[in-house]
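1. coordinates for the following, if possible.
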Amino acid sequence: MNEQEVNQQINQMVSFIHQEAKEKANEIKLKADEEFNIEKLRMVEEGKQKIRAEYERKEKQVEVQKRIAQSNEVRFSRLKCLKARDDAMQSVLKEAASRLPGIANGAKYVGLLENLITEALIQLADQKVTVKAVASNKIDKAFTAGVANYKAWAVKEMGADWAAGISVSLDSDGLKSGIGGVQVIGHGGAITLTNTLQSRLMLAYETRLPKLRAALFD
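-> From the prediction side, this is the model:
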């Protein structure tokens, strides 16, 4: 084989190697491009998922804040309504309290005071009792009648012997404050029953509160 043939063989081999290298390089490039595109798609999809998740999180946060705002608005409206109702109830109570002095100075006060004394004595159900009253020129008459009522009740309910031991005294000092009514003290000073006009007003207010609310707001 002459030199020309040898060179030709060498050139063919070099061309073959170059072709093989070129094909291998193209194969590697195609594979790299494919892997790059796959990775790019993965990263894009991952980015989309993160964006969607963040959007959903913010959307839920907005919805929660909206519900909180609505709840606060409802609660505020309810509290405002309750405040208005309470103000109306207090206004009724204040109006009723303003009429107590008229009751204490009225023509029917003696009978009312008699009933208050009688009721308190019966609730206390003791033989040795002291009555304190708000200063009034009507107390003596009401006191005498109230004690008589109590003794009549005691004879019927407790027996004549027990009733015979009843001693009810009227404290000359009386109650230092208040509009009308009495306090009754018994059982050695251990029990005090307050039966003033103010206490009866509050009792009536508390016991009739549901009916009063119904009358005013329903």
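
2. could I get the pLDDT score of residue 146?
-> For residue 146, the pLDDT comes out at 94.

3. check which helix or strand it maps to.
-> Taking DSSP states H and E as the definition, residue 146 sits inside helix 139-157.

4. give the buried residues for that helix.
-> For helix 139-157, a neighbour-count test (16 or more other Cβ atoms under 10 Å) marks 139, 142-143, 145-147, 149-151, 154 as buried. Yep, even glycine has a C-beta here, placed from its N, CA and C like the rest.

5. find the least confident helix or strand in this structure, judged by mean pLDDT.
-> Every helix and strand in the chain was compared by mean pLDDT, DSSP states H and E; the lowest is helix 209-217, with a mean of 69.

6. which strands and helices lie in contact with the biggest helix by length in the chain?
-> Secondary structure of the chain per DSSP state H: the longest helix is helix 3-98. The criterion is 3 or more Cβ pairs under 8 Å, 6 or more residues apart in numbering; DSSP states H and E, and the helices and strands that helix 3-98 contacts are helix 197-207, helix 209-217.

7. who's in contact with the longest one?
-> Taking contacts as Cβ atoms under 8 Å, 6 or more residues apart in numbering, the residues outside helix 197-207 that touch it are 93, 96-97, 100, 103-104, 116, 178-181, 212.

8. least confident pick among those residues?
-> Per-residue pLDDT puts residue 212 lowest of these, at 69.
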